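Undergrad: Sequence and predicted structure, then a few things I'm wondering about:
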Amino acid sequence: WQAKFGKLKRTVSWDFAGYKMVGIGNRVLMLEHAIYSVIPPEGCAAILWRKPEMGAQAAAALKLTAASALEYGIIDEILPEPKGGAHRDPPGAAEILSLAISRHLGELEKLSPDQLKAGRYNKFRKMGLDSVIGA
């Protein structure tokens, strides 16, 4: 896998705790029990209501789940996790990720650079638009 795809350009950034990944690319994948956010719910609650203990309410408003991210067009696929979660079976999670990444990169490598750029541009231009305008 590394030999085939290791030289591809990628844009990835880790948050300060190193456990969430924010990606900007033609495809964004997310494990089913992961969250996708720029701020932890408690931080959001502390800013909005000056009450970090209202993290549960903030989490609901932030729509952190993989299902929400897929619904809003932020991600392209939800990947299943091994029984008990990715943290309980890292090799199993790595295999799931490897297969999904290989599949997506296999599809993307058939596209020209102009097609890749256009697809990425269009993806991010319409992100969340359907849910905002009710289309």
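TA: Yep, it's here. Since we're looking at a predicted model, the values are computed, not measured. Numbering: from 1, shown residues only.
Undergrad: does Gln57 really touch Ala45, like I thought?
TA: Yes - taking C-beta atoms under 8 Å as the definition, Gln57 is a contact partner of Ala45 at 6.7 Å. From N, CA and C alone the C-beta is placed, and that goes for glycine too.
Undergrad: Neighbour count: the two, which is higher?
TA: For the pair Gln57 and Ala45, the greater number of neighbours falls to Ala45 (22 against 15), based on other C-beta atoms under 10 Å.
Undergrad: just checking, what packs against the longest helix along the chain?
TA: The longest helix of the chain (DSSP state H) is helix 90-108. Helix 90-108 sits against helix 2-5, strand 29-31, strand 77-79, with contacts defined as 3 or more C-beta pairs under 8 Å, 6 or more residues apart in numbering; DSSP states H and E.
Undergrad: Kindly provide the whole-number mean pLDDT of the longest one.
TA: Averaged across helix 2-5, pLDDT comes to 50.
Undergrad: doesn't Arg50 make contact with Glu42?
TA: No - using C-beta under 8 Å as the test, Glu42 is too far from Arg50 to be in contact (11.8 Å).
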